[in-house]
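Engineer: please find the sequence and the predicted model below.
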Amino acid sequence: MDYIKEKVAYLQGLAEGLKIEESSAEGKVLFHIIDVLDDITDALDGLAEAQYAAEEEAEEVQEILSDIVEFFDVLAEDDDEDYDEDDDDLYEVICPECGETYLTDFESFEEDDVSCPACGAPFKLEESVLEKLTHDDVDASDKDK
Ligand SMILES: [Zn+2]
């Protein structure tokens, strides 16, 4: 859009340079035309900006969408993977006795063999949480069959 602005500015300079009388009939028309051209350029600028913003927004939405698609793709891949992979997942546990935070894997939960490395206190998952975890597991393996 800059080149149109330059042309209008050039026209303005030209009209002034040629000493066209602004009060003459031709001058009135000419300067009015230049004025309108200037307005049109500004309007085009605004449109271009709005279009650019809209394109940016559309791109952002596109990116978010592809992130979401990717996220679900990864989830789907995880489901297909071997079970051992899931057992490697680490869970953060906060010791109920001493408050120590440590990591343990899912297998340990299943075998009920989780204890605090700081004080040795065993950690038991709440029944409902354990049920949900193992239930999810069953669901996933069912899908694989
Ligand atoms: Zn502890």
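Structural biologist: In hand now; what should we look at? Numbering: from 1, shown residues only.
Engineer: could you give the mean pLDDT of the helix or strand Gly27 falls within?
Structural biologist: Per DSSP states H and E: Gly27 is located in helix 25-80. Across helix 25-80, the average pLDDT comes to 90.
Engineer: so what does it touch, helix or strand wise?
Structural biologist: Applying 3 or more C-beta pairs under 8 Å, 6 or more residues apart in numbering; DSSP states H and E, we find helix 25-80 packed against helix 2-17, helix 127-144. C-beta coordinates here come from the backbone N, C-alpha and C atoms, glycine included.
Engineer: which of the ones you listed comes out lowest on mean pLDDT?
Structural biologist: helix 127-144 (a mean of 60).
Engineer: sec struct for Leu103, please.
Structural biologist: strand (DSSP: H, G, I helix; E, B strand; the rest coil).
Engineer: need the contact list for it.
Structural biologist: 90-93 (C-beta atoms under 8 Å, 6 or more residues apart in numbering).
Engineer: list the contacts of the closest residue to Ile20 other than its chain neighbours.
Structural biologist: Nearest non-adjacent residue to Ile20, counting by C-beta to C-beta, 6 or more residues apart in numbering: Gly27, 4.8 Å away. Taking C-beta under 8 Å, 6+ apart as the criterion, Gly27 is in contact with 15, 20-21.
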